[in-house]
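J.: What follows is a predicted structure for the sequence shown.
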Amino acid sequence: EDKVVQSPLSLVVHEGDTVTLNCSYEVTNFRSLLWYKQEKKAPTFLFMLTSSGIEKKSGRLSSILDKKELFSILNITATQTGDSAVYLCAVEIINTGTASKLTFGTGTRLQVML
Amino acid sequence: SQTIHQWPATLVQPVGSPLSLECTVEGTSNPNLYWYRQAAGRGLQLLFYSIGIDQISSEVPQNLSASRPQDRQFILSSKKLLLSDSGFYLCAWSILRVRDFSYEQYFGPGTRLTVT
């Protein structure tokens, strides 16, 4: 059975701190790993990672994938209260001949305090 | 640009009543479409996906069904709701990203369903 595990489940930090969120996976037919940010409603896309060792960056957020050890990390530097959200990791599985599918982790709830 | 709509935004229904949630996508053709449910404190669970009109795949056994009567319309239904059907229902779409032959999924605003 395909599995995506995120840690920690929740995290409380102060503004300005740096946080690292973890995502490990065990899936067949891996294609890519995606990170989403979910505030009150729908998840919004952050990153898609397909190759090991290549860091993706967007402002204060960055992410990297290790396909050998089957994990990814999401880093947020100089956190702000607006970073408070649930961060979801999902793995895209190759599904030959049909739509690709995502398997999601349960998410890490990040709360950034003033 | 592409947009995805879901309605209603919130819904309170009694046990045993029927359900119909609608999702439409604009600005793209022949998208893959997905229905997810997110129960409180849990991750997103894929319920159904569709690669084309009237082509539906079910991921988990349940009392829900899905239909795709038009290319950009995806409907989630139930004849009789259960308490366990409560949750946050998200519709998503994706298309093939040619540069790496992969898919990104984009989510609609969601419907929060409470079954009482």
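T.: Received the coordinates, thanks.
J.: residues near A:Gly107, how many?
T.: By other C-beta atoms under 10 Å in any protein chain shown, 25 other residues sit near A:Gly107. Where you see a C-beta, it was placed from the backbone N, CA and C, and this is true even at glycine.
J.: How about the contacts made by the nearest residue to it once chain neighbours are set aside?
T.: Excluding its sequence neighbours, the residue lying closest to A:Gly107 (C-beta to C-beta, 6 or more residues apart in numbering or on different chains) is A:Val86, at 4.3 Å. Going by C-beta atoms under 8 Å, 6 or more residues apart in numbering or on different chains, A:Val86 touches A:Lys37, A:Gln38, A:Glu39, A:Gly107, A:Thr108, A:Arg109, A:Leu110.
J.: Narrow those residues to just the buried residues.
T.: Neighbour counting with 16 or more other C-beta atoms under 10 Å in any protein chain shown marks A:Lys37, A:Gln38, A:Gly107, A:Thr108, A:Arg109, A:Leu110 as buried within those.
J.: Quick check: the second one touching A:Leu88?
T.: Read that as A:Gln38. Yes: between A:Gln38 and A:Leu88 there is a contact under C-beta atoms under 8 Å: 5.8 Å.
J.: Please enumerate the shared neighbours of these two.
T.: Jointly contacting A:Gln38 and A:Leu88 under the rule C-beta under 8 Å, 6+ apart are A:Gly107.
J.: residues contacting A:Val27?
T.: With C-beta under 8 Å, 6+ apart, A:Val27 has these contacts: A:Asp2, A:Lys3, A:Val4, A:Val91, A:Ile93, A:Thr103.
J.: can you pick the most crowded of these?
T.: Neighbour counts for these (other C-beta under 10 Å) peak at A:Val91, which has 26 neighbours.
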